[in-house]
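>>> Show me how the following folds:
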Amino acid sequence: MGREARVVVIGGPARADERARHLIEVVERKWSRYRSGSEISKVNDKGGQSVVVSPETYGLVTRAIGAWRLTGGCFDPSVPAGGALAAPPVGVPSPGCSRIELDEQHRSVKVPAGVHLDVGGIARGFATDLAVGDLAQLGATGVLVSIGADVRVAGEPPRPEGWLIDVEDPFEAGSLGRLRLRAGAVSTCATRGAATAKDPAAAERLVDPTTGAPAHTGIAAVTVVAGEAWWAQAMAKAAFVAGPEAGIALLARHGVTGLIVRDTGDILEAPGLEAFC
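You can find the predicted model right below:
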């Protein structure tokens, strides 16, 4: 998934962190669009044909398409064919997910010819969710898993006030502040400054699905707090594409909270953020 992963485990059996490492590596092999043998690559390569996938991949694709519907297309995992192993062609709108077929009984996915799935961001979030759930089931009393800017926590935190998660400043190295979380997830989508230095191609990859061009909406970064990391990631990208005011309204409408940093440095807070500050 092209990011650094961090695993913190409190309690539970010894070497539980290695189990999380293994799980993340397994789903990376299934979901990477840069691996020709991954399940996502097979789905993309067999446009117009149903492809049976693992439960993890079916769950990921189902969530990605659900997020597309719920955000009115602001979050869009579809890209034109030819864009699966590189940035989608500039100026070509995303085809959308309306013609992607899911068969729950056979656990198959069929994308039409001319459409590819790019699940990189939401895959990182879902991987953290799976790893946290697995470690909690294994007996860990507290867990934090992060992949890049996607963080999920559960169970007993290491300090009474909860897990403390820094919100990176999108303009320079450092933090805008800390969020206090006892359970749930935080995801950040940023394309400027310190965040871009860690991921130089981020600005080119975050596109407006209606135009296929880079998304220039007056936003430097979006941070979202939600119950699960896949949803926080999808909402962060959707709010970025929607723009500052519409993005805040989108977060409020879906019952999540967070903040938006404008290009000017001004910060907009969604309702409910104060509970986590």
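
>>> going forward, measure contacts and count neighbours with C-alpha atoms only.
Will do.

>>> residue contacts, residue 153?
Applying Cα atoms under 8 Å, 6 or more residues apart in numbering to residue 153 gives the contacts 132, 142-145, 163, 181-185.

>>> Kindly apply the preceding question to residue 92 instead.
80, 211-213.

>>> Equivalent analysis for residue 184, please.
Per Cα under 8 Å, 6+ apart, neighbours of residue 184: 152-154, 225-229.

>>> which residues are contacting the helix or strand that contains residue 18?
Element membership for residue 18 (DSSP states H and E) is helix 16-31. Residues outside helix 16-31 that contact it (Cα under 8 Å, 6+ apart): 1, 7-9, 35, 37-41, 56-57, 119-120, 123, 127-128, 131, 134-135.

>>> from the contacts of residue 92, which single one is nearest residue 175?
Distance to residue 175, by Cα to Cα, is smallest for residue 213 among the contacts of residue 92, at 29.5 Å.

>>> The closest one: neighbour count?
For residue 213, the neighbour count with other Cα atoms under 10 Å is 19.

>>> Can you read off the pLDDT for it?
pLDDT recorded at residue 213 is 82.

>>> residues contacting it?
90-93, 207.

>>> and if you look at residue 242?
Per Cα under 8 Å, 6+ apart, neighbours of residue 242: 74, 217.

>>> same thing but at 7 Å, please
residue 74 (Cα atoms under 7 Å, 6 or more residues apart in numbering).

>>> Any stretches of the protein with poor pLDDT?
82-90, 192-205 (pLDDT under 70).

>>> Helices of that one, start to end?
Using DSSP state H, the helices of the chain run over 16-31, 39-45, 55-70, 120-138, 193-198, 202-205, 229-242, 244-253.

>>> what's in contact with the third one?
Right, helix 55-70. The contact list for helix 55-70 (Cα under 7 Å, 6+ apart) reads 74-77, 97, 107, 122-123, 126, 234.

>>> tell me the two of those that are most distant?
Spatially, the most separated pair among the contacts of helix 55-70 is 74 and 107, at 26.2 Å (Cα to Cα).

>>> which one of the two has more residues nearby?
Between residue 74 and residue 107, counted using other Cα under 10 Å, residue 74 has the larger neighbour count: 24 against 16.

>>> what's the neighbour count on the residue nearest to that one when sequence neighbours are not counted?
The shortest distance from residue 74 to any non-neighbouring residue, by Cα to Cα, 6 or more residues apart in numbering, is to residue 238 (4.6 Å). Residues near residue 238, counting by other Cα under 10 Å, number 27.

>>> now do residue 233
31.

>>> Mind jotting down where the strands sit in the stretch 151-277 of the chain?
Counting by DSSP state E, counting those that start in this stretch, the stretch 151-277 of the chain has these strands, from start to end: 163-168, 175-181, 184-190, 219-226, 257-262, 267-269.

>>> Could you save these as a markdown table and add columns showing distance to residue 69?
Listed next are these as a markdown table, based on distance: least, Cα to Cα, whole Å:
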| stretch | distance to residue 69 |
| --- | --- |
| strand 163-168 | 28 |
| strand 175-181 | 28 |
| strand 184-190 | 20 |
| strand 219-226 | 18 |
| strand 257-262 | 19 |
| strand 267-269 | 25 |
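
>>> quick one: which of those is nearest residue 48?
Of all these, strand 184-190 sits nearest to residue 48, with 32.1 Å by Cα to Cα.

>>> Next, the angle from the closest one to strand 163-168.
Inter-element angle recorded for strand 184-190 and strand 163-168: 10 degrees (by axes from the mean of the first three to the mean of the last three Cα atoms, to 10 degrees).

>>> Mind listing the strands strand 184-190 pairs with, and their directions?
Strand 184-190 pairs in its sheet with strand 150-155 (antiparallel), strand 219-226 (antiparallel), by DSSP bridges.

>>> Could I get the CA-only coordinates of it as CSV?
In CSV, the C-alpha atoms belonging to strand 184-190 read as follows (Å, rounded to 0.1, in the frame of the first residue of the first chain):
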residue,chain,number,x,y,z
GLY,A,184,-12.7,4.5,16.4
ALA,A,185,-10.6,5.9,13.5
VAL,A,186,-8.9,9.0,12.2
SER,A,187,-8.0,9.6,8.5
THR,A,188,-6.3,12.5,6.9
CYS,A,189,-6.2,13.4,3.2
ALA,A,190,-3.6,16.1,2.4
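
>>> OK, contacts around residue 273?
By Cα under 7 Å, 6+ apart, the contact set of residue 273 is 257-258.
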